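Chemist: Predicted model and sequence follow; I will ask about them next.
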Amino acid sequence: MLLNALCPDKSPGLTKTLRVMKLTTAIMFCFCLSAAAEGFSQTITYTGKNLSLKQIFTIVKKQTGYVFFYDAILLRKSKPVTISAQNVPVEQFLERAFKEQPLDYIIEKQTVTVVEKPTVNTPDHAAMPLKDELIKGKITDSTGQPLQGVTVLVKGSKKITTTDSDGNFSIEVPVNGSLVISYIGFETKEIKTGTNEFLNIQLAPGNRNLDEVVVVGYGTQSKKNVTGSVASVKAEDMNKSSAANFSQTLQGKAPGVLVTQATGQPGAGVSIQIRTNPSNANAGVLYVIDGVPINDAAGTPSTAIRYGSSGVDQSPLNFINPSDIESISFLKDASSAAIYGARAGAGVVLITTKKGSERKPIISYSGSYGIQEVDRLYDLLGTKDYMEQRNLITREKWMYDNKIGPYYGTVDESSVGTPTLPYTQSEIENAVVQPSAFDAIIRKGYIHQQNFSVSGGSKNTNYFLSGNYFDQRGILVGSGLRRYNTKLSIDHKLRENIRIGASMIMSNIKTYNVNTGGLYEDAGILVSATYWPADLPLRGDDGKSYPLNPLYQNTPNPASYETVTDFTNSSRSLTSAYVQWEIIKGLSAKGTLNYDQSQNKRNSYYPTTFLYGRNVDGAAAINVTQANSLSSEWTLNYTRRFLNNELKMDILGGYSYQRSNWEGVGAGNQQFVSDLLYYYSLGSGQSVSPTVSSYKSQNTWISGFSRANFIFKDKYVLQLSLRGDAASNFADNKKWGYFPSVSGSWLISEENFMNPVSFISELKLRAGYGETGNSSIGGGAYPLYTLSASPIFGTNQPSSGISLTQSANSNLSWETVAELNVGVDFGLFKNRLYGSIDVYSKTIKDMLTQIPLPADNITSYVWGNAGSVRANGWELSLSSKNVAPGNKNGFTWTTTLNLSHYYSFWKERAPAALLNLKGTPWIPTTGKDAPFRGVYGYEAEGIYKETWSKQPASMPGMLPGGIIIKDINGFDANGNLTGEPDGKISAADQKLLYTTDPELIFGFGNTFTFKGFDLNIFLSGMIQKGWDPTSSMGSASMNGRLVLYGWNVLNSVKDRWTYLNPEGNSPTGLTDPTYSGFQNNSNYYVVNSSFLRFRNITLGYSLPDNLLGQKKVFSSVRIFADLQNVFTITSKRYKGMDPELNQSNYYPFSKSYTMGLNITF
């Protein structure tokens, strides 16, 4: 939101700032140009004392590009090396370094493999030479993909070879000899040849956790050099399920990342929360796809009729095919996210898609088909139970009104007469049992998708092309999604020092919308079904009409939703191009240009068979929204080594520009002569006030950023970064925000004093501090106006004009997120067990909030800065190889566990923020007893089960069966709390009931493999408390629901307290006129809403080579079965559909049973 704020004539301070930034960039550029550099050579120049062999390898790699394979534990047997060399050939330098070492090495091309020096037999015991035999084989990864360039070494000798592009090799081996297989990123494996003439060898991902490369802001880093808190999820961890949206596959996969799905509708969006974001401003996580910060898509258009966009919650990331994703990184702490500045206040999600590589073309296909069914629904009364309960609550209300003893007064029942009940006993006994209203709206769904990709490349050009078709039929009538995706990327080496590339992601989606929660009489399809009287048929006598509830005609017949037409056609494309120029060795420049465009068109028609359509003789609308974003980034990166190559400096500087536009137009009409016209003839509607609307908005960002990394001896890392952003919602002197960070790490396991501690494979300490920002509040410092019309006094003639909608605040400034993070990465027992622990403290300063204004003001609030909130938390990630690869029976078992916890509370409230607490003295202002997301209410002490004359002293006249509220406090004459019970129930008795921050978030996975079979089981969940979502459907509201409106209620009301069931375990169905306000806001309705969900159970089988045929048409074939959401475990008291659902926008989750096939050619 930079708008006019960036115009030079209106912002002289900005002009000066930009000049300084340009000057700084020019100075850095000139400095870089002054550095001389040489290419990789085949000689070494170095002098050093008491160096470890690993330091020797680093020196050789830096000067020659040679790659080393070794076992870290084996390397600990080596001796310190003192060496001096001037332009010495690589082989001679290594020979000096390995002199008198218990190790040996083998050089193949530019790969050096370190092995244990073989024992030399004495002449008296010399072994007879064994005859060699030719062994052939094929080496693949865990998914069956062939691996090119794998080193194959004959153990105890210097015979060595590498695999070709198909993963094949051949080598002569002594009878019953052994092969040592090594490859970057994979575990080294030893294989006994035995009598086999052909070996199929599968390599598992490498044990060295810190050697993994992760994506960070504006580049990649080795995990051992990462100083902040970054979590990564790889493609193989996501593509084990058939979800429509990749974000659904992330649930529980990364510590500190809370992924919740508010609705089960096809293609629905999810909420991704990184750590916690205790803020009133609506900033979400920043998504960056292949380095491009993406624009918010054109939002799903409103229907432009009465219900607006109710019930629609589509994901803005549906345009990405999950199969195209290579990896996802989460920048969790401020020190790692600060490079993105003001847009990173809620964290950053970096999405890297697949690209081609130098190899022959690889063609991949995957397809799957599955059925879906509803997971869980409300347990409502059946027909006869419904009728009996209506009679019973009617009789209870009659007894209460007439003060019948012994529970409702002292009047004898025989002296009053008899009540009039809704049904006779004969009507109940002879009633036709009606099917559940759920049966009219729930159906079997399906999910079907096809994926195809081609990738490959030559020395100079790489390419990747993919296509995806996805079709989902929702489990609620009228819902569904059909999507087409394609992706194309090309990278080309124009010269040795210049690379260019381009990519395009395109999608076309048709979404079938069903209202699942809305406005006015439209309660949403599921709520309408829960309201429907259990004794009424859903169709009229003619079998075609849709009758309404005679006692409450403001809710649609749930079956009539099937007659509504409402769908959205969406298209989106993200196009990127780049050029990268290596100016001299170590100095490179990169420029990118990106264009993101989306359009949504929504057509809707509510016919006369539907309640609202009947009321207005049909309602139709067509709405279109569009969004586009043009962005560019220019970076300069300089890398140089100092101090005999022991210090590496990596400096990044850049400039970013992005301008986004949103616009929309819509039209709607009513009163059509026929339902057959749908939305094709809006002009034929007879409404006196048809709906016409349009809008446009724009947002611009201009930013400068820089980062410097210093790595000393590959053990000590220091990282500094700074970013500047400007936003137009602030006053002229507060537009710019600057967001610094500093972080460092220490690779302790590389210190010599760690050599005796053999069980510790890797140990790294990290610490960092950083700041990010937030300005996501729309207008802020300036007044906003809107057009409005109101009648002239004394007439009915409207007069148009403008009115103030937002008051100005010239002191409004940035909300800043400051975070301190300390973490440890570790690996134990040769990395059989590895993981990380992070502890953080996050402070939101100058929090943006709405401050109430006096009642006589034109507007009700003004945006202001209202104090600070702190969130403390911790995260734990563990991975274990319980049964590691390489055992005799071929069985492996790995486990992952992620745990995280946070708690947010008010650290300081500005005087303006305290206005929001006026009249609520039971809410603490600051400290850990003042949670940011606290829920306050009354403490329940159980159900009052005595007769009329024995009410609690503090609740005289309360109804039997009601909730007893504990008297804990009172008010003095000045309205302050006394801290002592006062003998009556009042607002003073409120207390903190719970906080909406979950107590624990977790994910737990196990993967098993055995001779071609693979089984993956993944669970996730939360430990938390929440408000009972069925509190309005239970016994407390029976009189209103059953008697007045005829709505259905939960089956559990049969266990409520009544005069016939004085030991009932739930409250009375009558409303207490004195105490219901206290009772309905008591912790009686706070339930344990913790859950454990079996997200995925996937069983696959990969065909062995001998079944794929001699012609090798297929490189790999895998078939699989996938179960999603098959079990969800909750507490017994939780009666809702699902604790993860948004309780105001109901669309139940579905279970999925899917079969699929993966083929690589």
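Modeler: Nice, I can see it. Numbers count the residues shown, from 1 in each chain.

Chemist: and the closest residue to Trp874 other than its chain neighbours, what does it touch?
Modeler: Among residues not flanking Trp874 along the chain, Val839 sits closest, at 4.9 Å (C-beta to C-beta, 6 or more residues apart in numbering). The C-beta positions use only the backbone N, C-alpha and C, and glycine is treated the same way. Counting by C-beta atoms under 8 Å, 6 or more residues apart in numbering, Val839 makes contact with Asn821, Val822, Gly823, Gly873, Trp874.

Chemist: can you list the domains in the chain?
Modeler: 3-33, 42-120, 286-375+442-728+741-780+815-936+997-1027+1089-1160 (automatic domain parsing).

Chemist: most neighbours per residue, which of those domains?
Modeler: Highest mean neighbour count of the domains of the chain: domain 286-375+442-728+741-780+815-936+997-1027+1089-1160, a mean of 19 (counted as mean count of other C-beta atoms under 10 Å).

Chemist: what about that one, distance to the chain center?
Modeler: Relative to the centre of its chain, domain 286-375+442-728+741-780+815-936+997-1027+1089-1160 is centred 5 Å away, using C-alpha atoms, centre = their mean, to the nearest Å.

Chemist: Now the terminal residues of that domain, how far apart.
Modeler: With C-alpha to C-alpha, to the nearest Å as the measure, domain 286-375+442-728+741-780+815-936+997-1027+1089-1160 spans 34 Å from end to end.

Chemist: Asn729 should be in a helix, yeah?
Modeler: No: judged by DSSP: H, G, I helix; E, B strand; the rest coil, Asn729 forms no part of a helix; its state is coil.

Chemist: Tell me how far it lies from Lys735.
Modeler: With distances taken as C-beta to C-beta, to the nearest Å, Asn729 is found 9 Å from Lys735.

Chemist: again, but for Tyr552
Modeler: Distance, Tyr552 to Lys735, using C-beta to C-beta: 54 Å.

Chemist: Output the domains of the chain as a markdown table; include the columns distance to Lys984 and mean pLDDT.
Modeler: Output for the domains of the chain, formatted as a markdown table (distance: least, C-beta to C-beta, whole Å; pLDDT from 0 to 100):
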| stretch | distance to Lys984 | mean pLDDT |
| --- | --- | --- |
| domain 3-33 | 56 | 38 |
| domain 42-120 | 72 | 81 |
| domain 286-375+442-728+741-780+815-936+997-1027+1089-1160 | 15 | 88 |
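
Chemist: Columns distance to Asp989 on top of those domains, output as a markdown table?
Modeler: As requested, those are exported to a markdown table (distance: least, C-beta to C-beta, whole Å):
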| stretch | distance to Asp989 |
| --- | --- |
| domain 3-33 | 50 |
| domain 42-120 | 63 |
| domain 286-375+442-728+741-780+815-936+997-1027+1089-1160 | 8 |
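
Chemist: And those: which comes nearest Leu804?
Modeler: domain 286-375+442-728+741-780+815-936+997-1027+1089-1160 (5.0 Å; C-beta to C-beta).

Chemist: And what about Asn831, helix, strand or coil?
Modeler: Assignment for Asn831 (three-state DSSP): coil.

Chemist: For it, give me phi and psi.
Modeler: phi 60, psi 30 (degrees, to the nearest 10).

Chemist: re earlier: name the element the residue nearest to Trp874 belongs to?
Modeler: Following DSSP states H and E, one finds Val839 within strand 833-845.

Chemist: still on that earlier bit, bridged to the residue nearest to Trp874, which residues?
Modeler: Taking DSSP bridges as the rule, Val839 bridges to Val822, Trp874.

Chemist: go on, the one 10 residues further on?
Modeler: Under the criterion DSSP bridges, Thr849 forms beta bridges with Gly864.

Chemist: Identify the residues contacting it.
Modeler: Contacts of Thr849 (C-beta under 8 Å, 6+ apart): Asn280, Trp863, Gly864, Asn865, Ala866, Ala913, Asn916.

Chemist: ok, it to Ser279 distance?
Modeler: Distance, Thr849 to Ser279, by C-beta to C-beta: 9 Å.

Chemist: do Leu915 as well
Modeler: 19 Å.

Chemist: likewise Ala342?
Modeler: According to C-beta to C-beta, Ala342 and Ser279 sit 13 Å apart.

Chemist: Give the residues shared as contacts by the two.
Modeler: Common neighbours of Ala342 and Ser279, using C-beta under 8 Å, 6+ apart, are Asn774.

Chemist: check contacts around Asn200.
Modeler: The contact partners of Asn200, by C-beta under 8 Å, 6+ apart, come to Gly137, Lys138, Thr140, Pro1104, Asp1105.

Chemist: In strands, which of those appear?
Modeler: Counting by DSSP state E, the contacts of Asn200 place Gly137, Lys138, Thr140 in strands.

Chemist: now for the helix or strand in which Gly724 is found, which elements pack on it?
Modeler: Assigning secondary structure by DSSP H and E places Gly724 in strand 716-726. Helices and strands touching strand 716-726, by 3 or more C-beta pairs under 8 Å, 6 or more residues apart in numbering; DSSP states H and E, are helix 12-33, strand 691-712, strand 736-747, strand 760-774.

Chemist: ok and the strand holding Val839 relative to strand 760-774, angle-wise?
Modeler: Relative orientation of strand 833-845 versus strand 760-774 (axes from the mean of the first three to the mean of the last three C-alpha atoms, to 10 degrees): 20 degrees.

Chemist: CA atoms only: put strand 833-845 into PDB for me.
Modeler: Extracted as PDB, the C-alpha positions of strand 833-845 are listed here (Å, rounded to 0.1, in the frame of the first residue of the first chain):
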ATOM      1  CA  LEU A 833      18.200 -40.300  15.800                       C
ATOM      2  CA  TYR A 834      18.200 -36.700  14.800                       C
ATOM      3  CA  GLY A 835      16.100 -33.500  15.200                       C
ATOM      4  CA  SER A 836      15.900 -30.000  16.500                       C
ATOM      5  CA  ILE A 837      14.700 -28.100  19.500                       C
ATOM      6  CA  ASP A 838      13.700 -24.400  19.400                       C
ATOM      7  CA  VAL A 839      12.600 -22.000  22.100                       C
ATOM      8  CA  TYR A 840      11.400 -18.500  21.200                       C
ATOM      9  CA  SER A 841       9.900 -15.300  22.600                       C
ATOM     10  CA  LYS A 842       7.900 -13.200  20.100                       C
ATOM     11  CA  THR A 843       6.800  -9.600  20.900                       C
ATOM     12  CA  ILE A 844       4.300  -7.700  18.900                       C
ATOM     13  CA  LYS A 845       5.000  -4.000  19.600                       C
END
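
Chemist: where's the residue nearest to the spatial centre of the chain relative to Gly962, distance?
Modeler: By C-alpha atoms, centre = their mean, the chain has its centre lying nearest to Ile272, at 3.3 Å. Here Ile272 is placed at a distance of 43 Å from Gly962 (C-beta to C-beta).

Chemist: cool, Ser78 as well?
Modeler: Counting by C-beta to C-beta, the gap from Ser78 to Gly962 is 79 Å.

Chemist: what does Gly217 give?
Modeler: Applying C-beta to C-beta, the value for Gly217 to Gly962 is 58 Å.

Chemist: Lys109 too?
Modeler: With the distance defined as C-beta to C-beta, Lys109 ends up 84 Å from Gly962.
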